[in-house]
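Peer 1: below is the structure, and that's it, no one-letter string:
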């Protein structure tokens, strides 16, 4: 099975990297872009066919390593 984990900052958490990206895009002459927020994407391959077990494993990976749950949210998509 393949899965994608998307990690984003929680609403209200300052995102200096997103602001820097937004400023850089503006300096390149790109207009109409407002409120850039950066995040992380992890593409993971999982052995087996048990979706529930895969989701539990991925949730554990997020909670322990992939996301700082104090300031970040995560979403798991299993294909």
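Peer 2: Looks like it came in fine. The shown structure was predicted, so the numbers you read here are calculated from the model rather than taken from an experiment.
Peer 1: how close does the nearest residue to residue 63 once chain neighbours are set aside get to residue 3?
Peer 2: By the measure of C-beta to C-beta, 6 or more residues apart in numbering, the closest residue to residue 63 outside its immediate chain neighbours is residue 69, 6.3 Å from it. Glycine gets a C-beta too; all of them are placed from N, C-alpha and C. Taking C-beta to C-beta, to the nearest Å as the measure, residue 69 falls 18 Å from residue 3.
Peer 1: same question, residue 63
Peer 2: Separation of residue 63 from residue 3 (C-beta to C-beta): 15 Å.
Peer 1: which residue of those two possesses the greater neighbour count?
Peer 2: Neighbour comparison, residue 63 and residue 3: the larger count goes to residue 3, with 19 against 11 (by other C-beta atoms under 10 Å).
Peer 1: could you list the paired strands of the helix or strand that one falls within along with their orientation?
Peer 2: Here residue 3, judged by DSSP states H and E, is contained in strand 2-9. Under the criterion DSSP bridges, strand 2-9 sits next to strand 39-45 (antiparallel), strand 72-78 (antiparallel) in its sheet.
Peer 1: touching, residue 42 and residue 4? I think so.
Peer 2: Yes. Taking contact to mean C-beta atoms under 8 Å, the distance of 7.1 Å between residue 42 and residue 4 places them in contact.
Peer 1: okay, the two: which has more neighbours?
Peer 2: Here residue 42 and residue 4 are set side by side on neighbour count (other C-beta under 10 Å), and the busier one is residue 42, at 17 against 14.
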